[in-house]
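Trainee: Have a look at this prediction, sequence included:
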Amino acid sequence: MRPRRFSATGPLKGRIRVPGDKSISHRSIMLGALAVGETCVTGLLEGEDVLSTAAAMRAMGATITRDEDGMWHVHGVGVGGLLQPQQALDMGNSGTSTRLLMGLVASHPITATFIGDASLSKRPMGRVIDPLSMMGAEFTSSPGGRLPLTLRGLSPAVPIEYRLPVASAQVKSAILLAGLNTPGITTVIEPVPTRDHSERMLHGFGAELTVEIAADGARVIRVTGEAELKPQNITVPGDPSSAAFFVVAALLVEGSDLIVENVGLNPTRAALFDVLRLMGGSIEELDRRDVGGEPVADLRVRHSLLTGIDVDPAVVPSMVDEFPVLFVAAALAKGRTVTTGLEELRVKESDRISVMRIALEQAGGRVTETEDGLIIDGTGGEPLRGANNAPVATHLDHRIAMSMAIAGLVSRGGVEVDDTRPIATSFPMFESLLAQVSGT
Ligand code: S3P
């Protein structure tokens, strides 16, 4: 454990650049590892989760190196060319690595065991086991469809048409990746749109992939198997989920005027910024541009008094990772914020509904937990009391740790976070950037 107290700070000023997008970084390593030839990746997120993906792809035959300038080079084995790993694949804390790699292994004639930390070992894998079993893969899992689990892939696998029972980009991506080495057409039907990085990148690597909107509004994604992927040069845009912490901090801390550069604004990811604007937040987009096929801008964020709102549950998939920090913003807003439709938050790195309710209450927030969300009555801009007695518990969840660090900045007594180590899974530079912008 590495506890740390986060306390009130002066205004956040200057410019910072957020690190590469985690979702896109995972996918660039995986697809690079399946293309024949060299894929070069600039701006890769060097967080523990992405390094877990890189280690697993190496264990299955890819050559992956980083040069002194920070560029990553991936020499792939070709679709169908993954090798039998000699040891269990250690996924650490990373649900994305686990679920997407299960998809890749499912249609290869190899057997792999997946292990992870205490948080990952509690997370449900049945959502990928079900469709991948229909494709022919076999599983031996721990009770409840959890890690450790062993997967025996089948080649050739069976193409399926699968309607997603949960709005999950990880499940969608696992099936599409399995479909890459499956003869025929694999179809995923997505009633509620989720992040579309896999589709964009598969297209970029030359896979035959189509997206159609069905009569009922669902997205129908088809990938043609036995694909040949062509190596790419990829620039990874900045991660909006990492930018979120600094955007909320600048909105909440009086006198702040901060520019957060290089923020990915893919519409399937960027709903937090829209919600914060609806609450009265001053967030301006500067220099909108395209980076690696994704929309990006610099965000100028100025201190604002926020007003509570009812958050439309339709936006949940496009800000699914941003609710913990939105709860902090709501705790400082004027009036009541109501969130609903957040069932999925209970199966993230921690139960983010209940863990954030407890942590915010400890810091002096007024919070009610419901089955599928939180109701928060904000302070109207007054600082929170702070968590004076005991450290808040983060349960190996990087986003809880960073959210409660931001809560500490706008509290009278400060907030002690019980363990800051998990922050390195997605945002290793978080604490040093925070020190930089707050002049501490
Ligand atoms: C991710 C999808 C989301 C998100 C996770 C990353 C991805 O999970 O919470 O942090 O890269 O596909 P679900 O798709 O399971 O909601």
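Mentor: Arrived safely, thanks for sending. Numbering: from 1, shown residues only.

Trainee: Report whether His73 is found in a strand, as I expect.
Mentor: Yes. Secondary structure assignment places His73 in a strand (DSSP: H, G, I helix; E, B strand; the rest coil).

Trainee: which residues does Phe114 contact?
Mentor: 88-89, 91, 98, 101-102, 147-151 (Cβ atoms under 8 Å, 6 or more residues apart in numbering). The C-beta positions use only the backbone N, C-alpha and C, and glycine is treated the same way.

Trainee: can you rerun that using 10 Å?
Mentor: The contact partners of Phe114, taken as Cβ atoms under 10 Å, 6 or more residues apart in numbering, are 56, 88-91, 97-99, 101-102, 105, 120-121, 125, 141, 147-151.

Trainee: what does Val223 give?
Mentor: So Val223 contacts 159, 175-180, 182, 185-188, 198-199, 202-203, 207-210 (Cβ under 10 Å, 6+ apart).

Trainee: same deal with Thr339?
Mentor: Thr339 sits next to 275, 309-313, 316, 323, 326-327, 330, 345, 353, 370, 372-376 when contact means Cβ under 10 Å, 6+ apart.

Trainee: where's the closest residue to it other than its chain neighbours relative to the ligand, distance?
Mentor: Of all residues not flanking Thr339 in the chain, Gly373 sits nearest, at 3.9 Å (Cβ to Cβ, 6 or more residues apart in numbering). Distance, Gly373 to the ligand, using Cβ to the nearest ligand atom, to the nearest Å: 16 Å.

Trainee: Same question for Arg219.
Mentor: To the ligand, Arg219 is 14 Å away according to Cβ to the nearest ligand atom.

Trainee: can you count the residues close to that residue?
Mentor: 19 (other Cβ atoms under 10 Å).

Trainee: just checking, it touches Pro191?
Mentor: Yes. If you go by Cβ atoms under 10 Å, Arg219 and Pro191 touch, sitting 8.2 Å apart.

Trainee: Between these two, which contacts overlap?
Mentor: Shared between the contact lists of Arg219 and Pro191 (criterion: Cβ under 10 Å, 6+ apart) are residues Leu164.

Trainee: ok, which residues in the stretch 1-150 of the chain are in contact with the ligand?
Mentor: Contact residues, the stretch 1-150 of the chain versus the ligand (Cβ under 6 Å from any ligand atom): 23, 96.

Trainee: And the strands in the stretch 1-150 of the chain?
Mentor: Secondary structure of the stretch 1-150 of the chain (DSSP state E, counting those that start in this stretch): strands located at 4-6, 13-17, 37-42, 63-66, 72-76, 89-90, 111-115, 138-142, 146-152.

Trainee: And for Gly78, nearest residue in space, chain neighbours not counted?
Mentor: Per Cβ to Cβ, 6+ apart, closest to Gly78 is Val36, 4.5 Å.

Trainee: on that earlier part again, now the contacts of Thr339: which count as buried?
Mentor: For these, a burial check counting by 16 or more other Cβ atoms under 10 Å picks out 275, 309, 311, 316, 323, 326-327, 330, 345, 353, 372-376.

Trainee: Pretty sure Phe246 sits against Leu12.
Mentor: Yes. Using Cβ under 10 Å, Phe246 is in contact with Leu12, at 7.2 Å.

Trainee: Might you report the residue contacts of Asp142?
Mentor: Just so we're on the same page, residue 142 is Ser rather than Asp. 121, 125, 148-149 are the contacts of Ser142 under Cβ under 10 Å, 6+ apart.

Trainee: Recalculate using a threshold of 6 Å.
Mentor: Taking Cβ atoms under 6 Å, 6 or more residues apart in numbering, we find Ser142 in contact with Pro148.

Trainee: any idea how far it lies from Leu120?
Mentor: 11 Å (Cβ to Cβ, to the nearest Å).

Trainee: Likewise for Ala249?
Mentor: 28 Å.

Trainee: Mind checking which of the two has more residues around it?
Mentor: Counted by other Cβ under 10 Å, Ala249 and Leu120 do not tie: Ala249 has more neighbours, with 28 against 23.

Trainee: that older thread, give me phi/psi at the residue nearest to Thr339?
Mentor: For Gly373, the backbone dihedrals (degrees, to the nearest 10) come out as phi 170, psi -170.

Trainee: That one contacts Thr337, doesn't it?
Mentor: No. Look at Gly373 against Thr337 with Cβ atoms under 6 Å: they stay out of range, at 9.7 Å.

Trainee: on that earlier part again, now render the strands of the stretch 1-150 of the chain as JSON lines, adding mean pLDDT and distance to Ala407.
Mentor: Below are the strands of the stretch 1-150 of the chain laid out as JSON lines (pLDDT from 0 to 100; distance: least, Cβ to Cβ, whole Å):
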{"stretch": "strand 4-6", "mean pLDDT": "97", "distance to Ala407": "8"}
{"stretch": "strand 13-17", "mean pLDDT": "97", "distance to Ala407": "19"}
{"stretch": "strand 37-42", "mean pLDDT": "98", "distance to Ala407": "34"}
{"stretch": "strand 63-66", "mean pLDDT": "98", "distance to Ala407": "35"}
{"stretch": "strand 72-76", "mean pLDDT": "98", "distance to Ala407": "34"}
{"stretch": "strand 89-90", "mean pLDDT": "98", "distance to Ala407": "32"}
{"stretch": "strand 111-115", "mean pLDDT": "98", "distance to Ala407": "33"}
{"stretch": "strand 138-142", "mean pLDDT": "98", "distance to Ala407": "34"}
{"stretch": "strand 146-152", "mean pLDDT": "98", "distance to Ala407": "31"}
